[in-house]
Every structure is written in C-alpha cells, then in structure tokens.
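Enquirer: I would like the atomic coordinates for the input below:
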Amino acid sequence: MSSGLNKFFLLFIVAGSCASFTSLAAAQRDSGAQALQVQQAAPANSAVYPLEGIVVNAVTGDPIRNALVRISIHAGSSSLLTGPDGKFHFDNVSQGEHGINIRKPGYFTEQDLNGAVVARVEVGPDLPPVVLKLIPEGVIFGRITDAQGRPAEEVPVKVLYGNIVDGRANWQQQFGTQTNSEGEFRIFELRPFTYYLDAGRFTATFYPGVRDVASATPISVVPGQQIQADFRLQPAVFYQISGTLSGLPPGTSATVEMISPNFGGPHTGFPLHENGSFTQAVSAGRYLLRAKAATSNGELAASVSLDVNSDITGMRLVLSPMAMIPVNFVVEPTRAPRADFSKVELPPVKVGLAATAYPGAERWSEMRPGGPAQALFAIPSVEPGTYRLKIRSSGPWYAAAVRRGSTDLLTQDLVVDGGGAGEPIEITLRDDFASVRGTVTSEGQPGVASVLLMPELAEEQAITIPVDAAGHFQMDSVPPGQYTAFAFDRTANLEYRNPEAMRPYANDAQVVRLSPGGEASVNLPLQRRQEY
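Expert: Below you'll find the predicted structure:
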C-alpha cells in the first residue's frame, strides 16, 4: 500500500457497543475529536503509531460529526467522537492488527445490514488515513385520513418487511406507531428494503388505500431516503358468518377461528355455543375458517376457504381426525461401507411441510433414519390441504428421491385429503455426491466472493460456497442435479428464490449440470450487489 496522508482505503465497519451519546457529546471539543477513554498501555518494547481517518456518509460522501469511533487495544479499548470535519485521531496505538467500530444514531453499519466481517486495521508506519462509512436510515412519513377525508387520529400504523429466510421474504411487522391528532405519522430507522404499510384499528387498509395486500403498493426505501405515503382508510364493511360444528366428542372443547392471508392479518376467534353453533361478524375479504379440537385419541380438524362479500349462513363444519403420514427411508450407499441400517442410526433428516395456501406456514419434523425406531417415523397431525415438501438431509447423504405412491414429491405438491395413517412417504438417501470447482474474477483479477448454486427444483436447498483470496472455490458434497451458478460479493438478504429479484443477475450466471459422482468446473464473473 502506498504511503501519504492523501491516500485512503475503505474498511467495512461493524457495530460496537455504544457509550452514552449524551455524555460523549458533553465531552466533545468544538475544535475536533477527543479521546474519551484512556488507552491501555502498549506492551513493553512495542512500537506505537498514530491512527487517524474520517467517517463519511456512504450515500453523499459528506463527513459525519459526533460519530463514536472505538478501537480495540489489547485487553481494553479507546473511544472518541469525530470532530466537525468528521475526522478522528488516536495517538500511541501499538503496532499490529486492531478491531475498529463506529456508531451514530440515524445510521447503520455494514454489519447491521448484511453481516459484514469484523473490520480490522493493520497499524504501522506509513498507514494512510482510513475512511469509515455509515449508511443513513430511511424514513416513511405521511398523513392518513378517514373515509370522509378527516384526519384519522390515533390510528395504529404498521410497517411490514420481508425477513429473508431460505431466499424467500417472510413478511412480518418491523415497526409500529400511531397517528397524531392531525393524522400524521413518521417511522424512523428503516433499513434499505422493500416494505408494505398498513393502518387501521379493527381492519387493515394497505397503502395506497386498498383492502387486500395483493393490490397494495410496496415501498422501496434506499439509504437516506424519506418517503411520503399519504392514504385514506377504506370504510370497514362487516358481514355475519354463522354455522354449526359437528363431530365433537362429548366433554371436549374446540376452537373456531378465521385466518386472513394478509400480512399480519387478523386471526378472529369465534365463540362456540354448547349446541355447536357459532356466529361472528368479520370484515370483507378472503379467509380460512378453521376448527380444531384435541381428544384423547388425537387431534380433530375441519377447515374451509371463504371469500366474504356478503352474509354467510348455514355453514357446516364436520370435525375429522388429522392425518398421520408415515415416512420410510431407503438407504442406497455407493461410497460408504454397506451396513445393516436397521441397527445403525444415520444423521438426522428434517422433513418440512409448507402450506401452499398460506405462505410462511411451515412445520418441521426431525428424523434419524436407520436403527430400530425407523418404522415409527411419521408426520403427525396434518390438516387436509396442499403442501410443498422440503427435505434437509445432513452428513454424507442426500435425498435422491421422495415419493408418495405415484407422486414425485420433488416436483409435485403433497395433497392431504383426510385423516388416518394414509400412504407413506418414501425418501431414498444416497451418498454419490458430485463435485464443483472453479474461479471467480473481477475485471480480470481474482474476486473475493461467495458462489451461490440455485437448484432447478424449487424446494431443494440452495448451496453457498466460499471463495478464497485467489478467487478459487471447490465443494465435493453437492447433490446431483441442475443448478444456476452466481458469484456475489455478498449473499446476505438476497431474495434468491424470487425470479424477479434475480433477473438483473441472470446474464452473468451459468447453468451447471451435475451427475451422480460427477464433476464440473465453472468460471464466474463477480457480481457486485448495489442493494443491501
């Protein structure tokens, strides 16, 4: 690295523990930064050098004053606030590698947003000033009115965001607030992401003023952006739902509820009378009406999908036993020594069911193939419906085939019609993994990155392979199949199972086909993600 104070290098910064900004600000000198904690003494005969730099806004490049900078020094640490010009200066820092953190209200660090590696700085002679970047928060503000155009006072407002799990957005509430007397609201501390906004006391209206989330407009927030979102609450229209529940054993209680598929939608419980009748008012929309009861012989359930746009009377829900689906394993070793798998227990296999009608509704069962308990494997208490099956194996085995009768569950949905044991699911485990290796380059030079292998089959597990400093990667435990390979500078918060989210990266991806026990080599260009 060349010397000179006019040269800078970029460090990605992680969050550190933060002292009280009130007390720190009180100790700040107007003329510049001031150290606020005495540095630990350097080891005897250790050379010491200054460490200086600047904290800037990652979007505008402007210096940030009063940012807390903390460096780790031996058993302790030293902290200071940046001056009006965003600069900081530590004296007598011992030679060697030190951790460095920054924090400032209203800003995020790289660590906050995508789990970047802890920042380290190598202190020594001729060290140029370091540039530390903070990402400004986003803000959504606006004004909400009622159906007559009057300010909607003290109305709950929620921001919903998609927490990325297995490459999919799992929508949930992140922040909430209430409107003031003028119907105004303001929500701070928003990370760069896409959000949905809803408001309402008993029923939700989604921005820009619609009842159903399918018609809502997502709000994309970029660093430092303040977005105005004004909308009018839709008038609540309620309809009467009534019917009877039968099949409930004497002395047994049951629950009846309406479940909304909207993000954060209500789960409305119905009071159940002694004669099995129920009546409840609900707002217009799509719902799942579900009843459940627990008995000494197992769980009972009944459900029906409803599109409520008028009163519904005379409904009949008949409770029936939930299904218990047996699971059998077939072990086909090709590399491991053959063994009596009725006596040898294998690493666990996780079997997941994801309801197709209600995204995010998943349940998992963990099983250990082999051993004397193999015949006891089953997925208990499965309600009638349609599911996607997910298999997550471990150890030297992968799921080569998953079938239920004539249905290939790697490519088709699992349909559960009723109770009883039902037809078993058969999972075939094999150990003839394939190998993939290659290089990642950026402008002709090795690129530090991660390689993402996206399987052709939607519910198979995506694979991330680290890339070394020379740009090389290799993995020898890849299940056979067809994959699309990408090389990214970072994969955190990547909605890789969303085709629209991956479309901008498609041109630099490559298709990789791996046969059982086969090998493949692929060279990929590094793709740098602009979003966090």
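Enquirer: measure how buried residue 246 is and give me the count.
Expert: Per other CB atoms under 10 Å, the neighbour tally for residue 246 reads 12. Using the backbone N, CA and C atoms, a C-beta is placed for each residue, glycine as well.
Enquirer: wait, it touches residue 320, no?
Expert: No: under the contact definition of CB atoms under 8 Å, residue 246 does not touch residue 320, with a separation of 10.3 Å.
Enquirer: ok, now how distant is residue 274 from residue 254?
Expert: According to CB to CB, to the nearest Å, residue 274 stands 12 Å off from residue 254.
Enquirer: so between those two, which is more surrounded?
Expert: residue 254 (22 against 5).
Enquirer: and that one, its phi and psi?
Expert: Phi and psi for residue 254, reported as degrees, to the nearest 10, are phi -140, psi 160.
Enquirer: low-confidence stretches in the stretch 51-200 of the chain?
Expert: Applying pLDDT under 70 to the stretch 51-200 of the chain flags residues 75, 115-118.
Enquirer: which parts of it are helices?
Expert: Remark: helices assigned in the stretch 51-200 of the chain by DSSP state H, counting those that start in this stretch are 110-114.
Enquirer: next, the contact list for residue 512, please.
Expert: By CB atoms under 8 Å, 6 or more residues apart in numbering, the contact set of residue 512 is 436, 453, 482-485, 520, 522.
Enquirer: try residue 487
Expert: Contacts for residue 487 (CB under 8 Å, 6+ apart) come out as 440, 447, 449-452, 467, 508, 524-527.
Enquirer: check for me that residue 203 belongs to a strand.
Expert: No: going by DSSP: H, G, I helix; E, B strand; the rest coil, the assignment for residue 203 is coil, not a strand.
Enquirer: show the contacting residues for it.
Expert: If you count contacts by CB under 8 Å, 6+ apart, residue 203 has them with 211, 234, 236, 266, 283.
Enquirer: how close does it get to residue 212?
Expert: Taken as CB to CB, the span from residue 203 to residue 212 is 11 Å.
Enquirer: next one: residue 206
Expert: Residue 206 is 7 Å from residue 212, where distance means CB to CB.
Enquirer: for residue 150, same thing?
Expert: 24 Å.
Enquirer: next: residue 310.
Expert: Residue 310 is 17 Å from residue 212, by CB to CB.
Enquirer: look at these two and report which has more neighbours.
Expert: Using other CB under 10 Å as the criterion, residue 310 and residue 212 rank with residue 212 on top: 15 against 10.
Enquirer: any weak-confidence spans in the stretch 301-450 of the chain?
Expert: Within the stretch 301-450 of the chain, the ranges that satisfy pLDDT under 70 run 336-345, 359-360, 370-376, 420, 446-448.
Enquirer: now do 50
Expert: Scanning the stretch 301-450 of the chain for pLDDT under 50 picks out nothing.
Enquirer: could I get the full set of strands for the stretch 251-400 of the chain?
Expert: 254-259, 267-270, 277-283, 285-295, 298-308, 312-318, 320-321, 323-332, 349-355, 362-367, 378-382, 385-392, 398-404 (DSSP state E, counting those that start in this stretch).
Enquirer: what does the fourth one rub up against?
Expert: Going back to what we said before, that points to strand 285-295. If you take CB under 8 Å, 6+ apart as the criterion, strand 285-295 is touched by 211-212, 241, 245, 248-249, 252-262, 265, 299-308, 315, 317, 319, 357-358, 383.
Enquirer: tell me how far that strand lies from the chain's centre.
Expert: Per CA atoms, centre = their mean, to the nearest Å, the displacement of strand 285-295 from the mean C-alpha position of its chain is 28 Å.
Enquirer: then the second one?
Expert: Mean-position distance between strand 267-270 and its chain equals 28 Å (CA atoms, centre = their mean).
Enquirer: now the residue most central in space within the chain. Nearest residue, chain neighbours left out?
Expert: Taking CA atoms, centre = their mean, the centroid of the chain lies closest to residue 164, which sits 2.2 Å from it. Excluding the flanking residues, the one nearest residue 164 by CB to CB, 6 or more residues apart in numbering is residue 493, at 5.2 Å.
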